[in-house]
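*Asks:* have a look; sequence and predicted model below, questions after that.
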Amino acid sequence: MKVIVDEDRCCGAGQCVLLAPQVFDQREEDGIVVLLNAEPDEGRHAVVREAAAVCPGAAIEVQEG
Amino acid sequence: MKQDLSYPIPSDAALEPPAEWAELRGECPVARVKLPSGDQATLLTRYEDVKQVLADPRFTRLLTAPDAARLSATDDGGLFNSEMAQILPDGGEEHLHWRRLVGKWFTAKRMAALRPAMAEIAERLIDDMVKRGAPGDLRADLGFPLPVYVICDMLGVPAEDRERFSYWSDTLLNLTRYEKAEVEAAQHEFFQYMSAHLTAKRAEPGDDLLSELLAAGGPEQGGLSEIQVLVTGMALLVAGHETTANMIGKMVAMLLADRTRWERLLEDPSLIRTAVEESLRMDANSGFGLPRYLSEGIEVGATALPRGTTVVCSMAAANRDESVFDAAGEMDLARKPNPHLAFGAGAHSCLGQALARTELQVVLEVLLRRLPSLELAVSPAELERVEGLAVGGLRTVPVRW
Ligand code: HEM
Ligand code: SF4
């Protein structure tokens, strides 16, 4: 799995960090998403897909495979 | 569909959706409605349509255009039409800038750090409720005070003044409850209060959000103007308070209305997170919904909406759209993913959602632990809605344990 984030679409709502803090973080100075791990382990795939599905800015893209 | 359905649509049962939602989604997803002011608007109830309009950065909730519909029964149309609402940038780069300056205070990490303090407040409020004896009112005893303490602390304003904040914020969220003169007087007082508070903070800064916004300097230094800081403070007090406060009561009421839900959570507290999301999705009483003024014509579904239309997005109706949520009418405490629209969508989606989620999770955690025997002290059918405000809630949530 490959994860891509789009900072411009991110509204800093923090949903992704609440769900998968090992994969996403937010910048200290403005709350915009920081991708910690673009290729998360198998065990986190489900929660990363969930984060992408609920991100209010549609800022998270997951490429499977 | 009937001409000019009155909006908000009245509903008898406080926890159940009006039957019209399903009809509208099915047959008339782009409906003409009449607002409390008598003006007309276009109501959207399907998930895709609501999300499309909310997430479109061209449109905002500001209804200050001369041909925008007025929402409330007071002459000037209330909060969404007011001049005060215009002080905060609502679109484009400027809005982004404001959002990022304020947003850093609401990151998931900061909220996680507040958890222990929130849990302590919840414990204390529950102790007090238990001391007073059953039945308690979960709304007044826990739901309202908790978010106020938290937001007051973040803003550095004294929680003792919370009764006044409650009244001021009720008047700001007014649709039909207050007269224009009352609303104006309250807004004026609130403004004066914040203004005095900021003067004090300037003289003696604390480590709170408002002190730091002031310290960031004016627009030339990349910060906000004084009046913008002031209105940000007012907006956060109102937003940080009424919405979550009501949601705590509604969430607990929904979970107790069918007590097998409560029991399931007692058995498996790891469901707390998804149960909170499902409560937000199922909230049939979330309030007015979100207005948008169309500054350009667009197509929604297959319908062309001309420029100048005032649209009302019903997130609560959209959250029960069967085409997106399996068994949408059922409360599934383990539902995943749950892309509900209770916090809106896109660039304007709720800035405080990590805070709201954390508060709701903490309250539920502490309640399950401290009062496992909790139950409603009235039948769900006897619960009554709060009327006349833009944010929905229950008047009281009588409980025993
Ligand atoms: C359950 C509780 C809450 C709900 C259901 C809720 C809902 C919403 C919704 C639907 C919007 C979108 C408005 C729009 O698109 O025009 C919004 C915006 C906003 N909310 Fe919340 N909210 C909640 C709690 C909070 C809290 C705790 C705070 C912070 C203290 C907060 C601060 C804000 C702010 C500042 C905005 C404006 C964001 C912008 O325009 O960029 N909210 N909220
Ligand atoms: S959930 Fe989406 S909008 Fe929110 S912080 Fe993460 S990427 Fe940004």
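*Replies:* That came through fine. Ligands and ions are numbered 1, 2, ... in the order given.
*Asks:* which stretches of the chain form strands?
*Replies:* Since no chain was named, I'll use chain A. Here chain A has its strands, by DSSP state E, at A:2-5, A:24-26, A:33-35, A:60-63.
*Asks:* sorry, should have said chain B
*Replies:* B:5-6, B:30-34, B:40-44, B:136-137, B:290-293, B:298-300, B:303-305, B:310-313, B:375-376, B:398-400.
*Asks:* may I see those strands arranged in JSON lines, with mean pLDDT as well?
*Replies:* Listed next are the strands of chain B as JSON lines, based on pLDDT from 0 to 100:
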{"stretch": "strand B:5-6", "mean pLDDT": "90"}
{"stretch": "strand B:30-34", "mean pLDDT": "94"}
{"stretch": "strand B:40-44", "mean pLDDT": "95"}
{"stretch": "strand B:136-137", "mean pLDDT": "97"}
{"stretch": "strand B:290-293", "mean pLDDT": "92"}
{"stretch": "strand B:298-300", "mean pLDDT": "96"}
{"stretch": "strand B:303-305", "mean pLDDT": "95"}
{"stretch": "strand B:310-313", "mean pLDDT": "95"}
{"stretch": "strand B:375-376", "mean pLDDT": "98"}
{"stretch": "strand B:398-400", "mean pLDDT": "98"}
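*Asks:* contacts only, for B:Leu266.
*Replies:* Listed by C-beta atoms under 8 Å, 6 or more residues apart in numbering or on different chains, the contact set of B:Leu266 reads B:Leu368, B:Pro372. Backbone N, C-alpha and C define where each C-beta goes, glycine included.
*Asks:* ok, the nearest residue to B:Ser286 once chain neighbours are set aside to chain A distance?
*Replies:* Excluding the flanking residues, the one nearest B:Ser286 by C-beta to C-beta, 6 or more residues apart in numbering or on different chains is B:Ala316, at 4.5 Å. Going from B:Ala316 to chain A by C-beta to the nearest C-beta, to the nearest Å gives 17 Å.
*Asks:* cool, and B:Glu242?
*Replies:* 19 Å.
*Asks:* count of residues packed around that residue?
*Replies:* 25 (other C-beta atoms under 10 Å in any protein chain shown).
*Asks:* shouldn't A:Asp25 be in contact with A:Asn37?
*Replies:* No: here A:Asp25 does not reach A:Asn37: they are 9.9 Å apart, not a contact under C-beta atoms under 8 Å.
*Asks:* okay, the two: which has more neighbours?
*Replies:* More crowded of A:Asp25 and A:Asn37, by other C-beta under 10 Å: A:Asp25, with 20 against 14.
*Asks:* per-residue confidence at that one?
*Replies:* Per-residue confidence at A:Asp25 stands at 97 (pLDDT).
*Asks:* which other helices and strands contact the helix or strand of chain B with the lowest mean pLDDT?
*Replies:* Sorting the helices and strands of chain B by mean pLDDT, DSSP states H and E puts helix B:162-172 at the bottom, at a mean of 80. Applying 3 or more C-beta pairs under 8 Å, 6 or more residues apart in numbering or on different chains; DSSP states H and E, we find helix B:162-172 packed against helix B:145-155, helix B:180-203, helix B:226-239, helix B:242-257.
*Asks:* and these, which is most packed in?
*Replies:* helix B:242-257 (a mean of 24; mean count of other C-beta atoms under 10 Å in any protein chain shown).
*Asks:* what packs against that helix?
*Replies:* helix B:138, helix B:145-155, helix B:162-172, helix B:259-267, helix B:272-282, helix B:353-370, strand B:375-376.
*Asks:* off-centre distance for stretch B:249-260?
*Replies:* 19 Å (C-alpha atoms, centre = their mean, to the nearest Å).
*Asks:* does ligand 1 have contacts with it?
*Replies:* No: Stretch B:249-260 does not reach ligand 1 (C-beta under 6 Å from any ligand atom); its nearest approach is 8.9 Å.
*Asks:* tabulate the CA atom coordinates of that stretch in CSV.
*Replies:* Extracted C-alpha coordinates of stretch B:249-260, given in CSV (Å, rounded to 0.1, in the frame of the first residue of the first chain):
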residue,chain,number,x,y,z
GLY,B,249,-26.9,14.6,26.1
LYS,B,250,-28.1,13.2,22.7
MET,B,251,-25.4,10.6,22.5
VAL,B,252,-26.1,9.2,26.0
ALA,B,253,-29.9,9.3,25.4
MET,B,254,-29.5,7.3,22.1
LEU,B,255,-27.3,4.8,23.8
LEU,B,256,-29.7,4.4,26.7
ALA,B,257,-32.9,4.5,24.7
ASP,B,258,-32.1,0.9,23.7
ARG,B,259,-30.1,-0.3,26.7
THR,B,260,-28.6,-3.3,24.8
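*Asks:* I'd like the average pLDDT over that stretch.
*Replies:* The model assigns stretch B:249-260 a mean pLDDT of 98.
*Asks:* hey, least reliable of the helices and strands packed on helix B:242-257 by pLDDT?
*Replies:* What stands lowest among the helices and strands packed on helix B:242-257, in mean pLDDT terms, is helix B:162-172, with a mean of 80.
*Asks:* now what about it, what contacts it?
*Replies:* By C-beta under 8 Å, 6+ apart, the list of residues contacting helix B:162-172 reads B:79, B:144-145, B:148-149, B:152, B:157, B:177-178, B:182-183, B:186-187, B:189-190, B:193, B:234, B:237-238, B:241-242, B:389.
*Asks:* switch to 7 Å and redo it
*Replies:* Here helix B:162-172 makes contact (C-beta atoms under 7 Å, 6 or more residues apart in numbering or on different chains) with B:79, B:148, B:152, B:178, B:182-183, B:186-187, B:189-190, B:237-238, B:241-242, B:389.
*Asks:* many thanks, have a good one.
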